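Engineer: the sequence isn't on hand, but the structure is:
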């Protein structure tokens, strides 16, 4: 191995010992320690924001070079001077995957004769025209169902290619109208798992003689391996299905084929735990209450469980990815219902202590990671670098960061930013400043629309350090976990003091430190009530 050295610098420093932390004065050590801690905090906040945008898979690899935006996908490098946003790249990437000849041939067909993906293409271009702003290179627009459909497919293909492999068989299925729906849903499932932090292992696409699940997934958190199966309810006239391959569009119960699909998934050999995804493909429910299909699905699954063989358990994720049925709506979302088939302590309604709920969650933490990823689907990134959009696109500069020193000339104040609180309705931020003379002072300033949008998307890391989200907490288990983190810093005597009035001190003394923490927080939660913010 060869290494490059700067000869002049080496000569000048010859004989001088490198300065170490121990050589510094107490004041210099304190300053350096503070600088290091600030740098660590900045990196943690930036990485948190990136993961919120890009998930837990491989980071987007991109850079600027000679006026080109460069993006690496797997072993292939793409570049263009036209790409300003990540969705710009995705739109072009999809054409690359499909192939120019296929794309051109499909576009030449009458609209109704095209592959669903090419129908979405034209509808998406119309969406872009309607939402373009004269003179603005980059602008915001409410994402509708068509965005989630068209760019969703592009992003899912990108994730597979960048994190695992994009198999020709899957792309071919996507191109064939009669096979499109199955491939489309399989891509959705792959997205959810990759962003949840799973490493996918694809099956041998040349092995057509044996039954096998779609692919396997290994959790980066636990190391456990799962077999994945994805099934979607076909409806005649939707996503390439016909009267022969789909149920009637007038069928009201979206769960009639649910158990058959689950049985088909269970029939495939699997030497590890199964994750089975089934999409009901029905109209999105506008009500905050559980959709009708959820109640029917739960009833069918309970009946199925009555005579379930012990080796056929599975985590079941019933979804409704109905973006294609609401292409003009910006209010559609992924709906989901989870159930532990043959798993008694997952996805089952009952009365539990908070400590029980917490332990059950930890036991099935991989499935909970999937749930969190489901909630965020499709979460298409806007930026290449995972940064705040307003900064990445040059709309705003000089974001105020906790720990930095700022001057406010109009107020005659200079000081270090200690904290910041945003009032979203007033579009203002109030800073807590420690002035140079050691006084604390409150200073408010307005936020631009771009700054407020970035803050709303990433309130935890917006000010350069990770903070507890200011959003209201309506989930008691979430609050319980916050308490665990807070009281986890307390000593054992301090925890015991919190429950000193109880009559079971011998029991409490017998608990391990971890169990004592959980028990104390559980008891402190008793009597607390939670109301959902409206």
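Structural biologist: Now that the structure is in, tell me what you want to look at. Since the model is a prediction, treat every value here as computed from it, not as a measurement.
Engineer: distance between the ends of stretch 445-464?
Structural biologist: End-to-end distance for stretch 445-464, by C-alpha to C-alpha, to the nearest Å: 18 Å.
Engineer: brain fart, stretch 329-343
Structural biologist: By C-alpha to C-alpha, the extent of stretch 329-343 from end to end equals 37 Å.
Engineer: buried sites along it?
Structural biologist: Of the residues in stretch 329-343, 329, 332-343 count as buried by neighbour count, 16 or more other C-beta atoms under 10 Å. Just so you know, the C-beta spots here come from the backbone N, C-alpha and C atoms, and that holds for glycine as well.
Engineer: is it possible to get JSON lines of these that adds distance to residue 307, pLDDT and secondary structure?
Structural biologist: What follows is the buried residues of stretch 329-343, written out as JSON lines (distance: C-beta to C-beta, whole Å; pLDDT from 0 to 100; DSSP: H, G, I helix; E, B strand; the rest coil):
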{"residue": "329", "distance to residue 307": "41", "pLDDT": "92", "secondary structure": "coil"}
{"residue": "332", "distance to residue 307": "37", "pLDDT": "84", "secondary structure": "coil"}
{"residue": "333", "distance to residue 307": "35", "pLDDT": "86", "secondary structure": "coil"}
{"residue": "334", "distance to residue 307": "32", "pLDDT": "93", "secondary structure": "coil"}
{"residue": "335", "distance to residue 307": "29", "pLDDT": "94", "secondary structure": "strand"}
{"residue": "336", "distance to residue 307": "26", "pLDDT": "95", "secondary structure": "strand"}
{"residue": "337", "distance to residue 307": "22", "pLDDT": "95", "secondary structure": "strand"}
{"residue": "338", "distance to residue 307": "22", "pLDDT": "96", "secondary structure": "strand"}
{"residue": "339", "distance to residue 307": "16", "pLDDT": "96", "secondary structure": "strand"}
{"residue": "340", "distance to residue 307": "16", "pLDDT": "96", "secondary structure": "strand"}
{"residue": "341", "distance to residue 307": "12", "pLDDT": "96", "secondary structure": "strand"}
{"residue": "342", "distance to residue 307": "11", "pLDDT": "95", "secondary structure": "coil"}
{"residue": "343", "distance to residue 307": "16", "pLDDT": "95", "secondary structure": "coil"}
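Engineer: which residues does the residue lying closest to residue 282 once chain neighbours are set aside contact?
Structural biologist: Spatially, and ignoring its direct neighbours in sequence, residue 282 is nearest to residue 254 (4.0 Å; C-beta to C-beta, 6 or more residues apart in numbering). If a contact means C-beta atoms under 8 Å, 6 or more residues apart in numbering, then residue 254 has 233, 280, 281, 282, 293, 296, 320 as its contacts.
Engineer: likewise for residue 524?
Structural biologist: Applying C-beta under 8 Å, 6+ apart to residue 524 gives the contacts 483, 498.
Engineer: again, 10 Å this time
Structural biologist: Shown in contact with residue 524 (C-beta atoms under 10 Å, 6 or more residues apart in numbering): 354, 480, 483, 487, 498, 499.
Engineer: separation between the third one and residue 149?
Structural biologist: So that's residue 483. For residue 483, the distance to residue 149 equals 41 Å [C-beta to C-beta, to the nearest Å].
Engineer: now residue 90
Structural biologist: Residue 90 sits 12 Å away from residue 149, taking C-beta to C-beta as the criterion.
Engineer: do me a favour and get the end-to-end distance for stretch 469-479?
Structural biologist: End-to-end distance of stretch 469-479: 12 Å, with C-alpha to C-alpha as the criterion.
Engineer: ok, and for it, which residues are buried?
Structural biologist: Buried residues in stretch 469-479, counted by 16+ other C-beta under 10 Å: 477, 479.
Engineer: again, but for stretch 217-231
Structural biologist: Within stretch 217-231, the residues that count as buried by 16+ other C-beta under 10 Å are 217, 218, 219, 225, 226, 227, 228, 229, 230, 231.
Engineer: what's the closest of those residues to residue 28?
Structural biologist: Closest to residue 28 out of the buried residues of stretch 217-231 is residue 219 (44.7 Å), distances taken as C-beta to C-beta.
Engineer: and that closest one, bridged to which residues?
Structural biologist: With DSSP bridges applied, residue 219 shows beta-bridge pairing to residue 198.
Engineer: got the contact list for it?
Structural biologist: 193, 196, 197, 198, 199, 225, 226, 365, 366, 367, 369, 370.
Engineer: next one: residue 178
Structural biologist: By C-beta under 10 Å, 6+ apart, the contact list for residue 178 reads 115, 234, 240, 241, 242, 244, 245.
Engineer: just checking, the second one touches residue 182?
Structural biologist: Yes: counting by C-beta atoms under 10 Å, a contact exists between residue 234 and residue 182, whose distance comes to 8.3 Å.
Engineer: which residues are common contacts for those two?
Structural biologist: Shared contacts of residue 234 and residue 182 (C-beta under 10 Å, 6+ apart): 240, 241.
Engineer: for the stretch 301-450 of the chain, what spans make up the helices?
Structural biologist: Applying DSSP state H, counting those that start in this stretch to the stretch 301-450 of the chain gives helices spanning 354-363, 365-376, 389-392, 449-457.
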